[in-house]
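K.L.:
Could you work out the structure for the sequence below:
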Amino acid sequence: MLVRSHSPLWGNCRLQPRPGAVEIDWAHPLARKLQICIPLNEGGGPPRDLARQIVGTPLGTYWTASPVGAALAFDGDDDRVIYPHLSAFDNATQLTISLWLRPQAAQDYAGYIHQVGAHTTGSGYTSGWGLCANLNTCTDLIVYVRHDETSSAVKTGCFILNKWHQVFITYAASTLSLWVDGVAQAWTSHAASASIGENDQVCKLGENEAANNAQLMLTQINVWNRALTGSERLWLQSEPYAFLQPLIRRSYGSAGAAPSIYNEAVTLAAAAMAALGAQQVHNASVTMTASGTMAHNSVGAFGHALTLPATALLSPTTIGTFLHGVTLPATATLTPTSIGTFLHGLTLTANATETHAGGMAYLAAATFVAQALAASGQTLTIPGAVTLTANAQAQATHIATCLNSLTLAADAGFTPATTAQLQAALTLIANAAATATGGKGMSAAVTLLAAATLTPAHVATLVGSVTLPADAAVTIGTQMVMGAAASFTALARLLASPAKYYDEALTLPANATASAQSAAIFASALSLLAQSTLVSTNTATLASTLSLEAAAQATIGGTLTQPVSVNLAATAMLDTQAQADLVAALTVAIQAACAATATSILQAQTTLTAEATVSPTATATLTAILTLAAAATLASSHTYLPANLPAIIRLVSSSLVMAALTGGALTQPSLTGSAVVTPSLTGGDVEA
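P.N.:
This is a model prediction of the structure:
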């Protein structure tokens with residue numbers, strides 16, 4: 001029975017490899033028959049093979065970051081790392097390969113890791129083992145385990161471009177088994193030899209023996225010449241480096257280029273300072289009190305809780321990785337200048353500050369309260385819930401991605417300068433503000449309460465419902481796409497400078513305002529109630545009913561296209577400054593007004609009641625029945641063309657038709673009560 005040692009976990013039960021000087025614990029059960037161990041966690045210099053205590057020879061590769069620590073990147077041109085040949089696999093009948101990879105481009109049979117014999121054009125490799133991409137793709141995987149030229153297994157569609165994957169392969173009894181991200185995969189095709197065969201070739205990363213180079217990132221590579229059991233595989237998936245142990249330990253507080261490893265709790269009190277020039281690894285809790293300071297120039301990894309109270313300062317200049325909870329209360333400061341990764345909860349309280357000049361990733365919940373500040377100079381990734389309260393702020397100058405709920409309350413601010421992606425609920429309350437100067441995508445409900453503000457300067461896509469009560473405001477500098485219902489109450493405002501698209505019903509009650517300075521497209525019903533206002537300076541297209549009640553106002557600066565009925569009641573106003581094209585019924589009642597400064601085309605029945613007014617200042621064309629009742633007024637300051645009317649015009653009860661005609665004629669009038677027709681001022685005729 002395997003006895004598992006305690007190890008900190010990463011994310012979904014995967015361990016962050018310990019950076020710094022470590023070695024293999026050969027007494028550990030998972031280290032049995034381990035032949036290759038290339039953690040790729042150095043973050044600089046040549047990559048080490050801990051199993052053989054050697055370094056590889058890199059060509060063109062460069063160090064980068066991964067969700068599980070450092071990684072090595074290959075450009076797909078000629079980048080590779082070469083290690084000496086390892087004879088331990090000669091004629092072996094069992095094998096296990098474990099690694100993390102991120103494919104970045106499709107390339108023919110690009111090699112990931114290989115120790116295979118000579119390549120024969122048209123046939124293949126004569127012996128050995130290896131992993132590579134399929135023909136002109138990077139989403140398929142080919143695994144070679146052979147002593148001939150034909151045996152290989154292929155799995156199509158197991159990878160996603162530009163996504164990290166954990167790959168686990170076992171080989172035993174001529175059978176290959178594959179797991180990707182912990183899920184067993186069925187081979188698309190499968191053929192494996194009875195043994196690996198024998199050759200004298202070197203071991204390569206990023207290239208195969210035919211010089212097919214891969215554009216990808218690699219990290220955490222382990223190879224055994226035995227097939228690990230199912231329980232061992234599960235253990236490795238949760239703790240891939242349980243078999244590593246610290247190589248050295250140094251006195252705390254030293255400042256130098258060598259790594260420092262701490263297995264016991266560390267406390268920095270008063271004005272204590274710890275400065276290191278290389279790596280700092282803490283496998284137990286760290287507590288900094290008063291004005292304690294911890295600074296290092298390379299990598300900081302904290303395997304247990306880190307607490308920075310009072311005015312403590314944590315300042316790594318490259319990478320900070322925090323495996324467990326981090327708490328920064330009071331005026332504490334966390335300042336890495338490259339990448340910060342938080343695998344568990346992060347809490348910033350009271351004026352606490354966290355600043356990153358590179359990327360920042362929160363893999364669990366983050367909470368910012370009491371004027372706390374989190375700033376990133378590049379990327380902010382938050383898969384877990386985020387809460388900003390009491391003047392707290394989160395800022396990213398490049399990309400902010402929130403995979404779970406984001407809540408901003410009490411004057412909190414969330415400000416990415418380029419792109420924000422919110423894949424779960426967004427709630428802004430009590431003067432909170434969310435700002436993006438690039439694009440903002442929201443795939444779930446958005447709720448803005450009190451005087452909350454949502455302001456992207458480029459594109460906003462809202463897939464879920466939007467609720468704007470009280471004095472909330474949404475301001476879009478370029479385009480807004482709303483795929484679900486939007487509700488505006490009280491004095492809420494929705495503003496967009498060029499285009500706005502509404503896929504579902506939109507209702508604006510109680511002084512709410514929706515304003516687009518370019519085009520507004522309504523795919524479903526639009527209702528304006530209680531002095532609400534819809535303003536578009538270009539075009540408004542309505543695919544369903546438009547209703548304006550109780551002094552509501554819709555002002556279109558360009559063209560209004562309305563194929564369904566329009567209802568104006570209770571002093572409502574529909575004002576189009578260019579053209580109104582109404583192909584269905586228009587009803588204007590109780591002192592309501594419909595005005596167009598260019599052309600008004602009414603293709604269906606039009607009814608004006610109770611002092612209602614239709615007033616185009618250019619041309620009005622009616623193609624169906626027009627009824628004016630109760631002192632209603634139809635006026636045109638340019639041309640009024642009822643000659644196209646197939647039915648009749650009815651004027652009753654003191655209604656009025658006025659036309660300053662330029663040659664047109666008013667035909668088929670039917671006057672009752674004290675109705676009046678004012679004919680052309682330039683010689684037009686009135687026919688009874």
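K.L.:
bridging residues for the most centrally placed residue in the chain?
P.N.:
With the centre of the chain defined as its mean C-alpha position, the nearest residue by C-alpha atoms, centre = their mean is Gln421, 3.0 Å away. Assessed by DSSP bridges, Gln421 has beta-bridge partners Thr401, Gly441.
K.L.:
what does Thr170 give?
P.N.:
According to DSSP bridges, the residues that bridge with Thr170 are Thr96, Ser177.
K.L.:
quick one, what contacts it?
P.N.:
Gln94, Leu95, Thr96, Leu176, Ser177, Ala227, Leu228, Arg233 (C-beta atoms under 8 Å, 6 or more residues apart in numbering). Any C-beta I mention is one placed from the backbone N, CA and C, and that applies to glycine too.
K.L.:
shaky segments in the stretch 101-250 of the chain?
P.N.:
Regions of the stretch 101-250 of the chain meeting the criterion pLDDT under 70 cover residues 117-126, 135-136, 146-151, 209-210, 246-250.
K.L.:
hmm, try it at 80
P.N.:
Using pLDDT under 80 as the threshold, the predicted model of the stretch 101-250 of the chain has low-confidence ranges 106-110, 116-128, 133-138, 144-152, 191-195, 197-200, 208-212, 238-241, 245-250.
K.L.:
can you pull out the helices in it?
P.N.:
In the stretch 101-250 of the chain, the segments counted as helices under DSSP state H, counting those that start in this stretch are 230-238.
K.L.:
how much space between the residue nearest to the centre of the chain and Thr381?
P.N.:
Spatial separation of Gln421 from Thr381 under the definition C-beta to C-beta, to the nearest Å is 9 Å.
K.L.:
Equivalent analysis for Ala436, please.
P.N.:
If you measure Ala436 against Thr381 using C-beta to C-beta, the figure is 15 Å.
K.L.:
which of these two has more neighbours?
P.N.:
With other C-beta atoms under 10 Å as the criterion, Ala436 and Thr381 differ in neighbour count, and Ala436 comes out ahead with 28 against 19.
K.L.:
tell me the contacts of the more buried one?
P.N.:
Taking C-beta under 8 Å, 6+ apart as the definition, contacts of Ala436 comprise Ala400, Thr415, Pro416, Ala417, Thr418, Thr419, Ala420, Thr455, Pro456, Ala457, His458, Ala460.
K.L.:
burial count for Phe159?
P.N.:
Here the neighbour count serves as a burial measure; for Phe159 (other C-beta under 10 Å) it reads 23.
K.L.:
correction: Thr349
P.N.:
Here the neighbour count serves as a burial measure; for Thr349 (other C-beta under 10 Å) it reads 20.
K.L.:
what does the one 4 residues further on give?
P.N.:
Other residues lying near Thr353 total 18 when counted by other C-beta under 10 Å.
K.L.:
do the same with the one 3 residues further on
P.N.:
Taking other C-beta under 10 Å as the neighbour definition, His356 ends up with a count of 23.
K.L.:
Over to the one 3 residues further on?
P.N.:
Counted with other C-beta under 10 Å, the neighbours of Gly359 add up to 21.
K.L.:
quick one: it from Gly320, how far?
P.N.:
In this structure, Gly359 and Gly320 are 11 Å apart, going by C-beta to C-beta.
K.L.:
Residues that sit against both of the two, list them.
P.N.:
When contacts are counted by C-beta under 8 Å, 6+ apart, the set common to Gly359 and Gly320 consists of Ile339, Gly340.
K.L.:
check contacts around Thr607.
P.N.:
By C-beta under 8 Å, 6+ apart, Thr607 lies in contact with Ala585, Leu586, Thr587, Val588, Ala589, Thr627, Ala629.
K.L.:
again, 6 Å this time
P.N.:
The contact partners of Thr607, by C-beta atoms under 6 Å, 6 or more residues apart in numbering, come to Thr587, Thr627.
K.L.:
Can you tell me the element it falls in?
P.N.:
In this assignment (DSSP states H and E), Thr607 forms part of strand 606-608.
K.L.:
and that strand, which strands flank it?
P.N.:
Pairing partners of strand 606-608, with direction, according to DSSP bridges: strand 586-588 (parallel), strand 626-628 (parallel).
K.L.:
hey, which of those is tucked in deepest?
P.N.:
strand 586-588 (a mean of 25; mean count of other C-beta atoms under 10 Å).
K.L.:
quick one: contacts of that strand?
P.N.:
Applying C-beta under 6 Å, 6+ apart, the set of residues contacting strand 586-588 is Val566, Asn567, Leu568, Cys594, Leu602, Thr606, Thr607, Leu608, Ala612.
K.L.:
now that strand: how far from the chain's centre is it?
P.N.:
A distance of 45 Å separates the centroid of the chain from that of strand 586-588, by C-alpha atoms, centre = their mean, to the nearest Å.
K.L.:
quick one on the thing from earlier: kindly reformat the contacts of Ala436 as a markdown table containing distance to Asp581 and neighbour count.
P.N.:
Output for these, formatted as a markdown table (distance: C-beta to C-beta, whole Å; neighbours: other C-beta atoms under 10 Å):
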| residue | distance to Asp581 | neighbour count |
| --- | --- | --- |
| Ala400 | 42 | 29 |
| Thr415 | 42 | 18 |
| Pro416 | 40 | 27 |
| Ala417 | 41 | 18 |
| Thr418 | 39 | 16 |
| Thr419 | 37 | 20 |
| Ala420 | 37 | 28 |
| Thr455 | 33 | 18 |
| Pro456 | 32 | 27 |
| Ala457 | 32 | 17 |
| His458 | 31 | 15 |
| Ala460 | 28 | 27 |
